[in-house]
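Asker: curious how this folds, go ahead:
(one chain, ligands or ions: 1)
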Amino acid sequence: MEATLQQQATAKSARGSSLVVRDLVVRYGEVEAVSGISFAAEPGDFITLLGPSGCGKSTTLRCIAGLETPSGGTIAIDGRTVAGPGVEVPPERRGINMVFQSYAIWPHMSVFDNVAYGLRGRGANPRLVRERTLEALELVGLPHLENRFGTELSGGQQQRVAVARAVVTRPGVILFDEPLSNLDAGLRERMREELLELQRQVGLTALYVTHDQTEAMSMSDRVVLMNHGVIEQADPPRQLYRRPASMFAASFVGNANLVRGRLTDLGSGAGRLATASGDIAVVGELEHTAAGEGDAVAVFRPENVVVGDAAEAMENRWIGQVVQAAYLGPRTDVTFEVAGQPIRAVLHPEEPVEPGDRVTVGVAASHVHFVPAEG
Ligand SMILES: Nc1ncnc2c1ncn2[C@@H]1O[C@H](COP(=O)(O)OP(=O)(O)OP(=O)(O)O)[C@@H](O)[C@H]1O
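Answerer: Next comes the predicted model:
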């Protein structure tokens, strides 16, 4: 009996490999692009390397792919060391495939031949090549385009072909290097959902590189946030957003209000941060907090800031003056000034706030998190 795609997918769902990167260092002459990072993926995980341009994401990915030789550390796939002291397994023998930002599909070949290429290269028999290639094209929703040429495809279709080509040889890990950045915003959103669904269906382990926090937050089981060649934080998206480990993490992912001052432990799991001028004090919970007593930064998200009567009930409340109010339809973005400190809020669009208004601004202690001061 012909197995359905779903059955095949379920049967394959244990196919993802584990990936362990330990103390990875990459130097280019004087430049240290990656400075001793460690992270791991379980079979079937979707892990994203997120960070600003130049932080070392692509270099890390290229080391895993075998396109770059690490200066130090080890990389293991399914428990087998593929890169490390004295070990360098060639890319094609690592059980991985890569999808690039530039698609890198061959324009002079048909869609079918593009996808079948990897299987033919391994000497697979023609019947298997046809079966697997059509299966991969079906997975990306393109079985009707098998005879088209690369030049006759839209950007989204080319990227789907590139994904089909990467899954057809059934690798244990797929590496994605900013695969959606050449697509327009609407298509990017749709492709995000498609890619994730495909990865879940096929059960692959995915390592995805992006500088786009929306992609990272919406797709990943875990986000590895990098900066200047090191890992700032590696956590599931909710944890990363709610409990940032550093000022960099707090401000790179989403918007954050940051109030600098000195943190004092009040006992019973609460802390109080006072600004140098003493004009603002912020009370927060110390559970899971990333900072100790002393110089620290209080972090709270604009969407947790409330005004008026709601603010009166909060542990933290201040008198603020509206500096700016931008009505955006579903919400109004407001900046208040509280004792010289800007405090941003995302308010309901019906909230009547006008520049110059003086109102009570507040935030619950449970929404305040402390991180270490930097520099
Ligand atoms: N072949 C190379 N020779 C010298 N320096 C390099 C080389 N490749 C990368 N670098 C440097 O290493 C650092 C990390 O680069 P990498 O491409 O990994 O960053 P990235 O986080 O992927 O950035 P982007 O998002 O811009 O691609 C950068 O400072 C970069 O200039």
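Asker: from residue 227, how far out is whichever residue of the stretch 101-250 of the chain sits closest to the ligand?
Answerer: Per Cβ to the nearest ligand atom, the residue of the stretch 101-250 of the chain with the smallest distance to the ligand is residue 211, at 5.0 Å. No exception for glycine: its C-beta is placed from N, CA and C like everyone else's. According to Cβ to Cβ, to the nearest Å, residue 211 stands 11 Å off from residue 227.
Asker: between these two, which contacts overlap?
Answerer: Taking Cβ atoms under 8 Å, 6 or more residues apart in numbering as the criterion, residue 211 and residue 227 both touch 51-52.
Asker: up against the ligand, what does this structure have?
Answerer: Neighbours of the ligand within the chain, by Cβ under 6 Å from any ligand atom: 28, 31, 33, 51, 53-59, 211.
Asker: what comes up buried for stretch 343-363?
Answerer: 343-347, 351, 353, 359-363 (16 or more other Cβ atoms under 10 Å).
Asker: got it, and stretch 265-275?
Answerer: Across stretch 265-275, burial judged by 16+ other Cβ under 10 Å covers 270-275.
Asker: contact partners of that stretch?
Answerer: Applying Cβ under 8 Å, 6+ apart, the contact partners of stretch 265-275 are 259-264, 280-287, 289, 293, 296-298, 339, 341, 365, 370.
Asker: give the buried residues for the top helix by length along the chain.
Answerer: Using DSSP state H, we find that the single longest helix of the chain is helix 185-202. If you call a residue buried by 16+ other Cβ under 10 Å, then helix 185-202 has these buried ones: 187-188, 191-192, 194-196, 198-199, 201-202.
Asker: quick one: neighbours of residue 49, just the number.
Answerer: Close neighbours of residue 49, defined as other Cβ atoms under 10 Å, add up to 28.
Asker: is it in a helix, a strand, or coil?
Answerer: Three-state call for residue 49 (DSSP: H, G, I helix; E, B strand; the rest coil): strand.
Asker: can you pull the contacts of it?
Answerer: If you count contacts by Cβ under 8 Å, 6+ apart, then residue 49 has 57, 60-61, 207-210, 224, 226 around it.
Asker: show me these that map onto strands.
Answerer: Secondary structure from DSSP state E places 207-210, 224, 226 of the contacts of residue 49 in strands.
Asker: just list the residues touching the residue nearest to the spatial centre of the chain, thanks.
Answerer: Computing the C-alpha centroid of the chain and ranking residues by Cα atoms, centre = their mean puts residue 216 first, at 2.4 Å. Contacts for residue 216 (Cβ under 8 Å, 6+ apart) come out as 48, 50, 208, 210, 223, 237, 253.
Asker: what helix or strand is it on?
Answerer: helix 213-219 (DSSP states H and E).
Asker: one more: residue 250?
Answerer: Per DSSP H and E: helix 247-252 holds residue 250.
Asker: again, but for residue 119
Answerer: With elements taken from DSSP H and E, the one containing residue 119 is helix 111-121.
Asker: ok, and for whichever helix or strand comes after that helix, which residues are buried?
Answerer: Sequence-wise, the next helix or strand downstream of helix 111-121 (DSSP H and E) is helix 126-139. For helix 126-139, a neighbour-count test (16+ other Cβ under 10 Å) marks 129, 132-137, 139 as buried.
Asker: and the residues you listed, which two are furthest apart?
Answerer: Pairwise distances across the buried residues of helix 126-139 (Cβ to Cβ) peak at 15.7 Å, for the pair 129 and 139.
Asker: give me every residue that touches the residue in the stretch 251-375 of the chain positioned nearest to the ligand.
Answerer: Proximity of the stretch 251-375 of the chain to the ligand (Cβ to the nearest ligand atom) peaks at residue 252, 12.6 Å away. Shown in contact with residue 252 (Cβ under 8 Å, 6+ apart): 50-52, 213, 225, 227, 232.
Asker: for residue 69, which non-adjacent residue is closest in space?
Answerer: residue 88 (6.4 Å; Cβ to Cβ, 6 or more residues apart in numbering).
Asker: same question, residue 282
Answerer: residue 298 (4.1 Å).
Asker: show me what the helix or strand that the one you found is a member of is packed up against.
Answerer: Residue 298 belongs to strand 294-300 when assigned by DSSP H and E. If you count contacts as 3 or more Cβ pairs under 8 Å, 6 or more residues apart in numbering; DSSP states H and E, strand 294-300 packs onto helix 247-252, strand 257-267, strand 270-274, strand 281-285, strand 369-372.
Asker: spit out the contact partners of residue 285.
Answerer: 269-271, 365-366, 368-369.
Asker: repeat that for 10 Å
Answerer: 268-271, 315, 364-370 (Cβ atoms under 10 Å, 6 or more residues apart in numbering).
Asker: repeat that for residue 22.
Answerer: The contact partners of residue 22, taken as Cβ under 10 Å, 6+ apart, are 36-40, 72-76, 81, 84.
Asker: same thing but 8 Å
Answerer: Residue 22 neighbours (Cβ under 8 Å, 6+ apart): 38, 73-76.
Asker: filter those residues down to the buried ones.
Answerer: 73-76.
Asker: which of the residues you listed fall in strands?
Answerer: Within the buried ones among the contacts of residue 22, residues falling in strands by DSSP E are 73-76.
Asker: quick one on the thing from earlier: quick check, nearest of the buried residues of stretch 265-275 to residue 17?
Answerer: The closest of these to residue 17 turns out to be residue 271 (Cβ to Cβ; 42.7 Å).
Asker: fine by me, thanks again.
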